[in-house]
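> Structure for this input, please:
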Amino acid sequence: MKRVSVLLPCFNEEENVIPMYEEIAKEFEKYKGKYELELVYIDNDSTDNTRSLLRKLCAQDNRVKAIFNAKNFGQFNSPYYGMLQVTGDCVITMVCDFQDPIDLIPQYLAAWEEGYKIVVGIKTSSRENKLIYWIRSLYYKMIKKFSDVEQIEHFTGSGLYDRSFIEVLRGLKDPSPFLRGIVAELGYKRKEITYEQPLRRAGVTKNNFYTLYDAAMLSFTSYTKIGLRLCTFMGLSCSAVSALIGMIYLILKLIYWDRFPAGMTPVLIGIFLLGSIQLIFIGFLGEYILSINQRVMNRPLVVEEERINFKEEGVSNDQ
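Numbering: from 1, shown residues only. Purely as a prediction, here's the structure:
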């Protein structure tokens, strides 16, 4: 019998962890005798009642496993680490707030049985704020246009991944993984399942400007060179414009020596213009250096505080 692991990263989801368990367990009742379910929650240092609820679930159903992180290790490291800990022949990753619909599971499994080693969910529309969705669309198109490798638009990470691909992830040893880019760059031939993203069933989103910016910069610095190239192109352009303006001022001063008071205005404008451009691109350089620094330090993806219902055999502690 094939084992299917379902991975649910969570952070302060006390209103959703039990309903998610009930819905997934109900869904897998349809596959009784065909698939063995392994349901793994990886908790990113929740401060509400999430962990006590997970302990109760693990006590009443040995198919449920839990990993408790010692700290909050971010929205990318924690799910990635969880994918390396599952023991199934494939793993289905879903968010723990019902924004990845449960009815994607049978579609993922059907495609897997067809032979696809990677099956991903693609948002074609969303019930979230229309402006936010439009901004996301622009971001995906920009990254896709400037990236050195293929990028998948409106792919949040939800999908099914065969054990063979998990072994690829295990060999990367990347301390700052960006799964969405890795799937596009290194993944097998995949099938895309489209869906409309619903609203959260309960609770509030944990994303804010900082987390969204962090996600955008990780993909930007990992898969594009446009930031560094812009520095070069803008520097050359500003240098050319400055030289041209300087020549014009010099010629006008020589021709109209007594009637052309140049003053300090052009100097100040030039200083402020070049200074602001330099600050912007120093920021870009800082993002790239930060990304390099994180990889060079090679810190672990996650530090575990506790794990429940795991047996020692067959579980990796890599990274």
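> pLDDT weak spots in the stretch 51-200 of the chain?
Within the stretch 51-200 of the chain, the segments meeting pLDDT under 70 span 127-133, 140, 142-150, 200.
> rerun at 90
72-77, 96-100, 122-157, 170-189, 195-200 (pLDDT under 90).
> Which residues belonging to stretch 270-287 are considered buried?
Within stretch 270-287, the residues scored as buried using 16 or more other C-beta atoms under 10 Å are 277, 281, 284. Heads up, the C-betas are built off the backbone N, CA and C, glycines and all.
> Give me the subset of those residues lying in helices.
Among these, the members found in helices (DSSP state H) are 277, 281, 284.
> Of those residues, which is the nearest to Ile135?
Of all those, Ile135 sits closest to Phe284, with 19.9 Å by C-beta to C-beta.
> Give me the contacts around stretch 26-38.
1-6, 24-25, 63, 65, 86-88, 102, 105-106, 109 (C-beta atoms under 8 Å, 6 or more residues apart in numbering).
> residues contacting the spatially closest residue to Lys123 that is not a sequence neighbour?
The shortest distance from Lys123 to any non-neighbouring residue, by C-beta to C-beta, 6 or more residues apart in numbering, is to His154 (4.1 Å). By C-beta under 8 Å, 6+ apart, the contact list for His154 reads 122-124, 136-137, 140.
> How much space separates His154 from Lys26?
28 Å (C-beta to C-beta, to the nearest Å).
> Helix or strand next in line after whichever strand or helix holds Ile292, which one?
Assigned by DSSP states H and E, Ile292 falls within helix 265-297. The element immediately downstream of helix 265-297 (helix or strand, assigned by DSSP H and E) is strand 304-308.
> could you give the mean pLDDT of the strand or helix carrying Val241?
Per DSSP H and E: Val241 is located in helix 226-255. If you average the pLDDT over helix 226-255, you get 70.
> do the same with stretch 11-31
93.
> in it, what counts as buried?
Neighbour-count burial for stretch 11-31, counted by 16+ other C-beta under 10 Å, picks out 11-17, 20-21, 23-25, 27-28, 31.
> And that stretch, end to end?
29 Å (C-alpha to C-alpha, to the nearest Å).
> sorry, back to before: narrow the contacts of stretch 26-38 to those that are buried.
4-6, 24-25, 63, 65, 86-88, 105, 109.
> Let me know how buried the nearest residue to Gln197 once chain neighbours are set aside is, in neighbour terms.
Once flanking residues are discounted, Gln197 sits nearest to Ser126: 4.0 Å by C-beta to C-beta, 6+ apart. Counted with other C-beta atoms under 10 Å, residues neighbouring Ser126 total 18.
> Distance check, Ser126 against Asp97.
For Ser126, the distance to Asp97 - C-beta to C-beta - is 13 Å.
> likewise Ile277?
From Ile277 to Asp97 the distance is 41 Å (C-beta to C-beta).
> Provide the backbone phi and psi angles at Lys123.
The phi/psi pair for Lys123 (degrees, to the nearest 10) reads phi -80, psi 120.
> Show me what it bridges to in the sheet.
Per DSSP bridges, the residues bridged to Lys123 are Tyr195.
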